[in-house]
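1. Using only what follows, build the 3D model:
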Amino acid sequence: MRPIFAKILGLIVMTGLISSCAATSLVDSWRSPNLAGRKYHKLLVSSTAKNDNARKVYEDVISTELKRNGIEAVAGYLVMPKDEPVSPQAVEKAVKESAADGVLSVQTSMVERRANVQPGYIDNYPGYWYPPAFPYWDMYGYYGATTFYEPPTVVMYNVATIQANLFDAESGKLAWAGTIETSEPARVVTVSKDIAQLIVQALLREGLI
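-> I've put the predicted structure just below:
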């Protein structure tokens with residue numbers, strides 16, 4: 001295989017692998033056995049994103065997805081102090097003001113750098129399989145081919161771990177928890193939509209909404 005074709009093919013494969021990892025996914029979840037039969041009808045959605053704009057996007061998108069599935073939802077920034085860290089007192093006040101029976105919190109717990117490695121390989125040029133370019137290809141030409149080494153290709157990317165928790169407003173106990181991973185944390189709008197769908201699907205499966 002000629003070097004340029006080999007390199008292009010390797011980059012295509014690499015891009016495909018990273019793209020497959022780019023999908024936001026729910027990697028783990030848990031439901032409290034102590035709140036069996038509990039169903040939530042109105043949720044207060046709270047994000048602890050440091051960036052205020054990112055916080056609003058997460059809360060709005062998740063609230064919209066819940067409403068789309070027949071669940072009342074209130075974005076936290078509408079009933080909590082603006083430009084201030086989310087505190088227990090602020091959450092308690094917001095729960096009373098919104099009359100929510102559950103609090104759904106979303107928080108990025110970790111961002112780590114990962115590597116995707118395409119192994120190196122040894123090949124010769126030109127390739128004996130490519131006769132149209134070499135009509136007089138013979139044994140001497142084959143053994144006189146140039147051997148080359150293509151080093152490994154490394155592509156770095158970020159993976160964010162996002163923790164989603166559903167708390168029972170009455171008791172304050174944790175009703176459900178989910179761990180979500182995404183390889184494109186900077187794409188706030190896209191990721192928030194994916195997170196919203198994953199959370200809603202999980203809560204529906206568990207019969208919590």
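2. Spatially central residue in the protein, please.
-> The residue lying closest to the centre of the chain (Cα atoms, centre = their mean) is T182, at 1.9 Å.
3. What sits closest to that residue if chain neighbours are left out?
-> Closest residue to T182 apart from its sequence neighbours, by Cβ to Cβ, 6 or more residues apart in numbering: T24 at 4.0 Å. For glycine as for every other residue, the C-beta is placed from the backbone atoms N, C-alpha and C.
4. For the one you found, give me phi and psi.
-> phi -70, psi 130 (degrees, to the nearest 10).
5. what's the neighbour count on it?
-> T24 has 21 neighbouring residues, counting by other Cβ atoms under 10 Å.
6. Quick check: the gap between the residue nearest to the centre of the chain and S105.
-> 17 Å (Cβ to Cβ, to the nearest Å).
7. Ok, A175 next?
-> Using Cβ to Cβ, A175 is found at 12 Å from S105.
8. Mutual contacts of these two, please.
-> Here A175 and S105 have L166, F167 as joint contacts, going by Cβ atoms under 8 Å, 6 or more residues apart in numbering.
9. Counting neighbours around each, name which of the two comes out higher.
-> Shown here are A175 and S105; by other Cβ under 10 Å, A175 has more neighbours (23 against 19).
10. Which elements pack onto the host helix or strand of that one?
-> Using DSSP states H and E, A175 maps to strand 174-182. Counting contacts by 3 or more Cβ pairs under 8 Å, 6 or more residues apart in numbering; DSSP states H and E, strand 174-182 packs against strand 25-31, strand 153-168, helix 188-205.
11. the helices in this protein, which residues?
-> For the chain, the helices defined by DSSP state H occupy 3-22, 52-68, 88-98, 139-143, 188-205.
12. Now do the last one: everything it contacts.
-> Where contact means Cβ under 8 Å, 6+ apart, the residues beyond helix 188-205 that reach it are 23-26, 29, 40, 53-54, 57-58, 61-62, 64-66, 69, 71, 104, 106, 160, 162, 164, 166, 176, 178, 180, 182, 184-185, 209.
13. let's go with 7 Å and repeat that
-> Contacts to helix 188-205, defined as Cβ atoms under 7 Å, 6 or more residues apart in numbering, come from residues 24, 26, 29, 54, 57-58, 61-62, 65-66, 69, 106, 162, 164, 166, 176, 178, 180, 182, 184-185, 209.
14. Now, of those residues, which are buried?
-> In these, burial by neighbour count holds for 24, 26, 29, 54, 57-58, 61-62, 65-66, 106, 162, 164, 166, 176, 178, 180, 182, 184-185, 209, counting by 16 or more other Cβ atoms under 10 Å.
15. measure the closest residue to S29 other than its chain neighbours to K82 for me?
-> Sequence neighbours aside, G178 is the residue nearest to S29 in space, at 4.3 Å (criterion: Cβ to Cβ, 6+ apart). Separation of G178 from K82 (Cβ to Cβ): 27 Å.
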